[in-house]
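# Kindly return the folded structure for what I paste below:
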Amino acid sequence: MAFDFLVPIKDRVLAFSELLPPQALGKNIFKHTEKKGLPVFANATVAIFGVLESRNGFEKKPERLNIDEIRIQLYRLMSGNWNSTILDIGDIEEGNTVEDTYFVVKEIVAGLLEENIIPIVIGATQDITFPTYRAFDNIRDMVNLVSIDSRFDFGEDEELISSHSYMSKIITDKPNNLFNFSNIGYQSYFNAQEEIDLMERLFFDAYRLGEIAANLELAEPVLRSSHIVSLDLRAIRASEMGSFKNFSPNGFTGREICAIARYAGISDKVSLFGIYEGENSPQAFQMIAQIIWYFIEGISFRIKEFPSSKSEDFTKFTVPTDTEELVFYKSHVTERWWVEVPSILPEHTKTNSAALLPCTEEDYLDACNQKIPERWFKAYRKGFN
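The predicted model follows:
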């Protein structure tokens, strides 16, 4: 059983948590220990675990990621007013081969998903996104993936899977269950024009760093339709992480990345949150811990909503344009917006039903000004699911 490969939390981390006040997260997380084994999964909300595999890292890691120090920084944070039951199930060490590690990651993530537990994966390198994606094979027919990253990570066709080319593997690997891929925070000078063109041809969504930083709310509808969120910590500016050589002077601030993590938590579709490419410094450990805190905070504010003109919680807006009649819905509870997209997928055309695409109020205002929102156009061309 894959869970047998999980290494329990170190004694020194457990000893540290014993000294914490009762309000601290460390006192409220159910832990995998050598003495007691794995915690009970029943009714758990999230499960945190580390993956120490780094052999496919694009930049070779000079030292192992110190996940114990991340735990210490997370444990010392104070619990919010949450109803979440949080597990820390330990770490996955490197297997005999990278493929062995991928297999264990896939099986553990699949096992948690089957229990309706949200995995929070702390991985040394971002190629770990690939086995977490494959874990959905028997869970969902189609998957939406959001990467918060300065790069698209397509790489070259002949390149072996690495933390800079895992997306090529996801796109080409069979079975192909990827429905949509969105990037939040890319920086043009890190991406070849061919990669940018590929994003357009596949009708994938990409949002530049400056675009999101100027209006963080643009990230919310993107994350609202996602099942997997993969965060490359190199999307954060170097000064926020401890000024490592593999980090850029440009990137998200700590406040911005925590707000994005909270949006990811609020999305009731997000079923897995991965944090990758961390470095060993006190500042980086604190940043990762706070990102996790905000993601869990977001989960506590989840509200399941399905827009309907028959519900008093929504207002329906019909906007005629020169080419299309667009139908928008606004929630009175959360003030979130959706737009109908005529579906071209066979399973939808049988029922003649439209798909609902998360959007922003700006999209509605654009439609009122006779401008078809870009996200609607791409979803229509793809057949939004």
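# all strands of the stretch 101-250 of the chain, in order?
118-123, 143-148, 178-186, 205-208, 228-232 (DSSP state E, counting those that start in this stretch).
# From Lys316, how far out is the closest residue to Leu145 other than its chain neighbours?
Closest residue to Leu145 apart from its sequence neighbours, by C-beta to C-beta, 6 or more residues apart in numbering: Ile228 at 4.6 Å. (Each C-beta comes from the backbone N, C-alpha and C, glycine too.) Distance of Ile228 to Lys316, computed by C-beta to C-beta, to the nearest Å: 31 Å.
# Looking at the two, which has the bigger crowd around it?
Ile228 (27 against 14; other C-beta atoms under 10 Å).
# pLDDT value on the residue nearest to Leu145, please?
Here, the pLDDT recorded for Ile228 equals 98.
# Can you give me every residue that contacts the residue nearest in space to the middle of the chain?
Nearest to the geometric centre of the chain sits Val229, at 1.2 Å (C-alpha atoms, centre = their mean). Applying C-beta atoms under 8 Å, 6 or more residues apart in numbering to Val229 gives the contacts Leu145, Val146, Ser147, Ile148, Leu223, Ala264, Val270, Leu272, Phe273, Gly274.
# ok so, going back, partners of the residue nearest to Leu145 in the sheet?
Beta-bridge partners for Ile228, by DSSP bridges, are Leu145, Leu272.
# That one is in contact with Pro131, isn't it?
No - the pair Ile228 / Pro131 is not scored as a contact, 11.3 Å apart, by C-beta atoms under 8 Å.
# Let me know the next secondary structure element after the lowest-mean-pLDDT helix or strand in the chain.
Sorting the helices and strands of the chain by mean pLDDT, DSSP states H and E puts helix 346-349 at the bottom, at a mean of 42. Using DSSP states H and E, the helix or strand that directly follows helix 346-349 along the chain is strand 354-359.
# how about stretch 130-141 as CSV, C-alpha atoms only?
Extracted in CSV, the C-alpha atoms of stretch 130-141 (Å, rounded to 0.1, in the frame of the first residue of the first chain):
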residue,chain,number,x,y,z
PHE,A,130,2.7,15.4,-13.2
PRO,A,131,1.9,12.4,-10.9
THR,A,132,-0.6,14.5,-9.0
TYR,A,133,-2.4,15.1,-12.3
ARG,A,134,-2.3,11.4,-13.1
ALA,A,135,-3.9,10.7,-9.7
PHE,A,136,-7.2,12.1,-11.1
ASP,A,137,-7.4,9.4,-13.8
ASN,A,138,-10.0,7.4,-12.0
ILE,A,139,-11.5,10.4,-10.2
ARG,A,140,-12.5,12.8,-13.0
ASP,A,141,-12.8,12.4,-16.7
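# Buried residues, it. List them.
Phe130, Pro131, Thr132, Tyr133, Arg134, Ala135, Phe136 (16 or more other C-beta atoms under 10 Å).
# Just the pLDDT for the closest residue to the third one other than its chain neighbours.
Looking back up the chat, that one is Thr132. Closest residue to Thr132 in three dimensions, ignoring its sequence neighbours and counting by C-beta to C-beta, 6+ apart: Val109, at 5.1 Å. Val109 carries a pLDDT value of 98.
# show me what contacts Val109?
Pro119, Val121, Pro131, Thr132, Ala135, Leu272.
# please redo it, this time with the cut-off set to 6 Å
Pro119, Thr132, Ala135 (C-beta atoms under 6 Å, 6 or more residues apart in numbering).
# who touches the last one in this structure?
In other words, Ala135. By C-beta under 6 Å, 6+ apart, the neighbours of Ala135 are Lys106, Val109, Ala110.
# Output those residues as CSV; include the columns distance to Gly251.
Putting the contacts of Ala135 into CSV (distance: C-beta to C-beta, whole Å) gives the following:
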residue, distance to Gly251
Lys106, 30
Val109, 27
Ala110, 32
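# Alright, that wraps it up for me.
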